[in-house]
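> my questions concern the predicted model and sequence given below.
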Amino acid sequence: MKQPQVTDAILIVVADQRRARLAAGKRLRNGRVHVEALSRLEEQWDESLHKNPPSRSDVSGHVFDNRGHTDGERIHRFAREMLQWLDGERPKHAWERMILFAEPRLLGALRREAPSALQKEWKEYALDLSGLSDGELALRPEVLELLPKLPV
């Protein structure tokens, strides 16, 4: 199987607790940064199967979904889905650097679920940027600092 070419692009993952997007960022010859979405992941939770009360809490304040799962368990399930998805994307896109922007609770779940070797490949930020467009991501200082400057 042919290995993907490693380029000067970085991979950017933005995620909240229910969806994630994988994008590539690259500095253009004019110095601008271009970000392009490569793949998306939606949580595989089927709300239609769970139409009873959407959530409840117990005396301790833990929030449960209607099947008795805590919100934290649901986040951990999505973290595992995300890691499987990224593993499936790995053969398609080579990367030397990956930036991970995730909502803080999801980021914690990813740290607990991901092998340490994978964690060494990403630079993480506890920020939910999932609502930003690709163009808005291209302007983030965290993205700009990881892209190499082109010689003038």
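Alright, I've got the coordinates.
> for residue 79, which residues are in contact?
Residues in contact with residue 79 (CB atoms under 8 Å, 6 or more residues apart in numbering) are 106, 109-110, 112-114. To be clear about C-beta, it is placed using only N, CA and C from the backbone, and glycine gets the same treatment.
> buried subset of these, written for ChimeraX?
Entered in ChimeraX, the line below selects the buried ones among these, by 16 or more other CB atoms under 10 Å:
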select :106,109,110,113,114
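> okay, now the unreliable bits of this structure?
Judged by pLDDT under 70, the chain has its weakly predicted residues at 1-8, 45-70, 149-152.
> tell me where it has helices.
71-89, 104-113, 116-119, 134-137, 141-146 (DSSP state H).
> reformat those helices as TSV; add distance to residue 30.
Converted to TSV, the helices of the chain look like this (distance: least, CB to CB, whole Å):
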stretch	distance to residue 30
helix 71-89	29
helix 104-113	33
helix 116-119	34
helix 134-137	15
helix 141-146	14
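> for residue 13, which of those is the nearest?
helix 71-89 (7.2 Å; CB to CB).
> many thanks, I have nothing further to ask.
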